[in-house]
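In: Predicted model follows, preceded by the sequence.
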Amino acid sequence: MSTPPASDEPLQFDEADYGAESPVGLACGACAAPIRECYYETAGKVVCEPCRGRIEAALQGGSRLARLFKATALGTIAAAVGAGLYYAIVRLTDYNIGIIAIVIGVMVGGAVRAGSGGRGGRLYQFLALFLTYTAIAGMLAPFLVADVMERQEQEEKRQVEEFEALLKTVAESKPIDAQKADAEKAGAQAEPDVAADDAKPADAPAADAAPETVAESEPADAPATEAVADQPPVDPDEDDGDDEDVDLVFQAPTPGAVALAVAVLIAFCYAMPVLVTFGSPISGLIFGYGMWVAWKINRKEVVAFNGPFHVLPPDAIVQDDEEDANDGPDEGDRHGA
Amino acid sequence: MGPEASTCRGCGIELPSALLACPSCRRLVHAERLGELAAVAAEAEARAEWPVALGRWREALELLPAASRQHATIAAKVAALGAKVDASPHPSPTTDATETANGWSVGAKAGGLGALAMFAFKFKFLLLAALTKGKLLLLGLTKGGTFLTMIAAAGVYWTAFGLPFAIGLVLSIYVHEMGHVAALRRYGVKATAPLFIPGLGAVVLLRQEFHDVRQDARVGLAGPIWGLGAALACAGVWLAGGGPLWAAVARMGAFINLFNLIPLGPLDGGRAFRALDRPQRWLVAAALATSWALTDDGVVFLLMLAAAFRALADRPADRPDHGTLAWYVALIAALSFLSFAHYPGLGVGG
């Protein structure tokens, strides 16, 4: 029924003026059929008995599993969109606007409610709660991933720098043959001064050891010559394919390791809202509001039918029924089924 | 008889309590009360007591079926009375007379304050407005719910920002909310006292509908207007030699009020936008673009995007509302300035 326009006529409050096209008499708000005996009221609307039955059947029918699946699917989409929206806003504005968590709660709660066919209930409330929490964790995840990646980059950079420094040291040190010859020569020259060498403090570094070399760690009483002599001869030009050091750093992870890493990352993402709350209780409160909103939206709504309300006084209906029983069914019984 | 039912005086059928008119003979269930309300409202209109008249008509609207012609007629009357409220000086004649009798005349009788009384007489309106607002601010604190939630909010902010700033922030939000309350009273709309939500701000819940987008817009903008007043007052104290705390509260208060102008959902800007037609919405977006160009701030950019979205996608008002547009643009300018101005000694802004 369309609302009639405002009128300049003096207001009267005797009867409601619905305009000329409005039907006269009591009629069902759902099927428009005239009501003769009794009716029900729901949400301010008048419905006849058969329509009440149809509405109740529609509200109780259908597959519960299908509704749950639909609610999960719609809620998940809303959660993903909400998390993406939050991330976009943070990137766009450089502000961490926590109130977006409430928007996410409304989005997810509304989507779950729509998927449930507007029924709500404890199951859908928990679903909405979980998906909202997931969305909040998801909106924090990019920051966590960015942080992890930054740390990983720093670690890789550090390792590469260490490796390069090691390579540089090896490259700067003399070939083994030359070192051996030098050592023999030095040993021959040094023999008369052994006593003098013994006077050195035990922890003094080897005099000829270059800083940051492998020999640097050798104590003074273990001459470099011995260290070198103990090693197998190495030809620096020879490539035996032994890139063990490189493999240790850049070795491709196994699928199991990847799965474990992803699982740890997901677990950490789910823990993020809680961890953030410890650092910023205000953020925790806002996350809580967001989840509360999603929970509230999915409260079970009971469609209450008030009635029956009698069109005729009850004693008149009893009389009517008696007459009907005597006369057989008439046109008025078509709503009685 | 069915549950919670009465009998129609017109045709005798049973009526559920939820129905406002008999579905059979159309007799209005609250006919007598509607007559009383209409009489009181008409008397109030005759005395130019617009808030009283508006309150009664709004009450009458709740007792009429939304699809009835009477409902449409009274809704139009409410909109027309709202325009009269906008045109009337602040405060309304009723409040004016009451305050004059109870306030300044007593002050003059106290004697020895001739000069002050003369000043009061000359700037009566200004002082009465200030007094009325001050009284309202104090009265608001007597509401238990407001006060307790205010303390809770201050406690939460204390953990993050320290006690002095937390108190300043909560008072700033309180002034903002009382701006809404003052506007609601002017338009005769029933609402709850402000309730603080720690970490989020505060809300005033409406108990009646506006039935007019312009009144809704003005109530929406009243919060940021009062909030701007609070921020200006804090900035004034800082300029007069107050410590950096005043500057910090001024800046944060202005920023919160600016954020509330975002033209989405139930936020203040969202309510104001409903009263603007499409060209006016683009003007607001242009004002925000100018502010963004000057401040280079992400939140202003977000406001601009939201304004452009609503100008493009949302259904605009049927007719322009110049008052709302003027206030909106003025608030953007003033709040942007206060939010991003350089406060020497504060270490932010500029």
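Out: It's in. Model, not experiment: these values are computed from the prediction.

In: what's the residue in the stretch 151-300 of chain B that chain A sits nearest to in contact with, if anything?
Out: Using CB to the nearest CB, the closest approach of the stretch 151-300 of chain B to chain A is made by B:G298 at 2.7 Å. The C-beta positions use only the backbone N, C-alpha and C, and glycine is treated the same way. Taking CB atoms under 8 Å, 6 or more residues apart in numbering or on different chains, we find B:G298 in contact with A:L92, A:T93, A:D94, A:Y95.

In: Give me the secondary structure label for the residue in the stretch 101-250 of chain A positioned nearest to chain B.
Out: Chain B sits closest to A:I102 of the stretch 101-250 of chain A, with a gap of 7.6 Å, by CB to the nearest CB. Secondary structure, DSSP: H, G, I helix; E, B strand; the rest coil: A:I102 is helix.

In: Same question for A:V46.
Out: strand.

In: Give the bridge partners for it, please.
Out: A:E41 (DSSP bridges).

In: need the helices for chain A, in chain order.
Out: Per DSSP state H, chain A carries helices over the ranges A:49-60, A:64-93, A:100-115, A:122-172, A:176-190, A:194-198, A:224-230, A:244-250, A:255-279, A:281-297, A:314-327.

In: deepest of those, which one?
Out: Compared across these, helix A:100-115 shows the largest average neighbour count, a mean of 25 (mean count of other CB atoms under 10 Å in any protein chain shown).

In: which residues are in contact with that helix?
Out: Outside helix A:100-115, the residues touching it (CB under 8 Å, 6+ apart) are A:67, A:70-75, A:77-79, A:81-83, A:85-86, A:89, A:120, A:124, A:127-128, A:131-132, A:135-136, A:139, A:286-287, A:289-298, B:200.

In: quick revisit: contacts with chain B among the contacts of B:G298, please.
Out: On the criterion CB under 8 Å from any CB of the partner chain, A:L92, A:T93, A:D94, A:Y95 are the entries of the contacts of B:G298 that sit beside chain B.

In: how about the helices of the stretch 101-250 of chain B, start to end?
Out: B:105-109, B:114-122, B:124-141, B:144-161, B:163-186, B:213-239, B:244-259 (DSSP state H, counting those that start in this stretch).

In: helices and strands around the following helix or strand past the last one, which ones?
Out: So that's helix B:244-259. Later in the chain than helix B:244-259, the nearest helix or strand by DSSP states H and E is helix B:268-273. Judged by 3 or more CB pairs under 8 Å, 6 or more residues apart in numbering or on different chains; DSSP states H and E, helix B:268-273 is in contact with helix B:213-239, helix B:298-313, helix B:322-340.

In: 10 Å instead, please
Out: For helix B:268-273, the elements it packs on are helix B:163-186, helix B:213-239, helix B:244-259, helix B:278-295, helix B:298-313, helix B:322-340, judged by 3 or more CB pairs under 10 Å, 6 or more residues apart in numbering or on different chains; DSSP states H and E.

In: Can you convert these into JSON lines and add a column each for mean pLDDT?
Out: As requested, those are arranged in JSON lines below (pLDDT from 0 to 100):
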{"stretch": "helix B:163-186", "mean pLDDT": "94"}
{"stretch": "helix B:213-239", "mean pLDDT": "94"}
{"stretch": "helix B:244-259", "mean pLDDT": "94"}
{"stretch": "helix B:278-295", "mean pLDDT": "95"}
{"stretch": "helix B:298-313", "mean pLDDT": "93"}
{"stretch": "helix B:322-340", "mean pLDDT": "95"}
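
In: wait, which of those is closest to A:V145?
Out: helix B:298-313 (21.6 Å; CB to CB).

In: quick one: the closest one to chain centroid distance?
Out: 23 Å (CA atoms, centre = their mean, to the nearest Å).
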